[in-house]
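[1] Starting from these lines, generate the structure:
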Amino acid sequence: MEIILLEPYLTGSHAAWAREYAAHSRHRVRILGLEGRHWKWRMHGGAVTLARQFLAEGLRPDLLLATDVLDLATFLALTRKVTARTPVALYFHENQLTYPWSPGDADPSLCRDAHYAFINYASALAAGDVLFNSDYHRRAFLGALPEFLAAFPDHREPESIAAIAGKSRTLPLGLDLRALDGPAPPRVGPPLILWNHRWEYDKNPEEFFRALFRLDEMGVDFTLAVLGESFRKFPPIFAEARRRLARRIVHWGFVESFADYAAWLRRADLLPVTSFHDFFGAAVVQAIHCDTWPLLPKRLAYPEHLPIERQEEFFYHDCDELVRRLAEVCRDMGSIRRTPTRSLVAHYDWAMLAPVYDELLADLARGGTFAVDSGARLG
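    Model prediction:
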């Protein structure tokens, strides 16, 4: 079976997902993509460029698999002479309806923010099947649609929500977890606490570093490695943390090499997570695979990643509890270091998920209704 994977924003996690699935699938998966920059313009104009390329190459796939950055309705309109009868699935890595806007973005104040959410909504209507990378994401998107549509003056089409819900399901993000494997350095000395997220406000670095400031004031011994991609503008708490925690820092800044990134994950002991936004949390799953002990807020998609019977070990409810739990585990490093966590997320590796993707997409190409159990422990 031939699948054309349409990705207008082919970079970062979007590119990794597309290329890794293509490499692990039993189907012929061809990626039709654009450079990963100018995301707003990609949502507006990417469909036009990809439609032109699609038609120029004379492609006749068994299935189209698009991501949420594509204006799918426009793409299908421009290619209708070829794709009118082609099954189409839409995969949501994120969505612009419930994604928090950066405080520095002018679009919300200029009332331009709803357009990107409307592209997602119209794309979901146009798709034959709608796939979300977590059950939390699926519920958040569908749950936000009533209020979103109610904001329009008339002809709000509320019945369209049920139509989208009826063709929506959860298909977890596949990850090449085995690529993270390598020599495990001996974990000795003070606990190594890890930050491996983007340096952006939605990852809530303020609470992360405030928790470490309190830990430092309590006299708890630890070291700190701050990874993750930073941009020209980033929250000022990073500069404050670099100054206040200088004697504890063993690494500060983005690592260009995936091998170096993986080595830091294998070396780290603890991953306190404070994000108030994550549709899936690939960086969290990667760290857990490398036996880094997570401390996670009991919200977002995180509870889906770990067995219910183990969740008391890994989840906290507020910042005070996070600080208390961090202090406890820092003083019990012997036990923590002897307790592996990688098996808890093994079901996200492509070795387990690629066959699930393959079977689902083949069924969708045949017009079927293969069901993926939301939040299932696959494999």
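[2] C-alpha from now on. contacts and neighbour counts both.
    Fine.
[3] didn't Ala262 look like it was pressed against Leu180?
    Yes - look at Ala262 against Leu180 with Cα atoms under 8 Å: they come within range, at 5.1 Å.
[4] Pull the contacting residues for the residue nearest to Phe280 when sequence neighbours are not counted.
    Among residues not flanking Phe280 along the chain, Ala301 sits closest, at 5.5 Å (Cα to Cα, 6 or more residues apart in numbering). When the contact criterion is Cα atoms under 8 Å, 6 or more residues apart in numbering, the partners of Ala301 are 134-137, 278-281.
[5] Considering those residues, which is situated nearest to Arg267?
    Gly281 (19.8 Å; Cα to Cα).
[6] wait, that closest one sits on Tyr302?
    Yes - applying Cα under 8 Å, one finds Gly281 in contact with Tyr302, separated by 7.3 Å.
[7] Kindly indicate whether Pro185 is helix, strand or coil.
    The local conformation at Pro185, judged by DSSP: H, G, I helix; E, B strand; the rest coil, is coil.
[8] distance of it from Asp269?
    With distances taken as Cα to Cα, to the nearest Å, Pro185 is found 11 Å from Asp269.
[9] Next, work out how far apart Asp68 and Arg169 are.
    When Cα to Cα is applied, the distance between Asp68 and Arg169 equals 15 Å.
[10] In terms of neighbours, single out the busier of those two.
    When Asp68 and Arg169 are compared for neighbours, Asp68 comes out ahead with 26 against 23, by other Cα atoms under 10 Å.
[11] going on from the helix or strand containing Ile193, what's the next piece of helix or strand?
    Ile193 is part of strand 192-195 when elements are defined by DSSP states H and E. Along the chain past strand 192-195, the next helix or strand (assigned with DSSP H and E) turns out to be helix 205-217.
[12] pull the CA atoms of the helix or strand that that following helix is followed by into PDB?
    For helix 205-217, the following helix or strand on the C-terminal side (DSSP H and E) is strand 223-226. Below are the C-alpha coordinates for strand 223-226, written out as PDB (Å, rounded to 0.1, in the frame of the first residue of the first chain):
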ATOM      1  CA  THR A 223      23.400  18.800  40.300                       C
ATOM      2  CA  LEU A 224      21.600  20.200  37.300                       C
ATOM      3  CA  ALA A 225      21.700  19.700  33.500                       C
ATOM      4  CA  VAL A 226      19.600  22.100  31.400                       C
END
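[13] Stretch 290-304 - what's its average pLDDT?
    For stretch 290-304, the mean pLDDT works out to 97.
[14] in stretch 205-224, what's buried?
    For stretch 205-224, the neighbour count (16 or more other Cα atoms under 10 Å) marks 205-209, 211-212, 215-216, 220, 222-224 as buried.
[15] can I get those in JSON lines with pLDDT and distance to Val48?
    Formatted as JSON lines, the entries for the buried residues of stretch 205-224 read as follows, by pLDDT from 0 to 100; distance: Cα to Cα, whole Å:
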{"residue": "Pro205", "pLDDT": "97", "distance to Val48": "38"}
{"residue": "Glu206", "pLDDT": "97", "distance to Val48": "40"}
{"residue": "Glu207", "pLDDT": "98", "distance to Val48": "42"}
{"residue": "Phe208", "pLDDT": "98", "distance to Val48": "42"}
{"residue": "Phe209", "pLDDT": "98", "distance to Val48": "43"}
{"residue": "Ala211", "pLDDT": "98", "distance to Val48": "47"}
{"residue": "Leu212", "pLDDT": "98", "distance to Val48": "48"}
{"residue": "Leu215", "pLDDT": "98", "distance to Val48": "52"}
{"residue": "Asp216", "pLDDT": "98", "distance to Val48": "53"}
{"residue": "Val220", "pLDDT": "97", "distance to Val48": "56"}
{"residue": "Phe222", "pLDDT": "98", "distance to Val48": "52"}
{"residue": "Thr223", "pLDDT": "98", "distance to Val48": "49"}
{"residue": "Leu224", "pLDDT": "98", "distance to Val48": "46"}
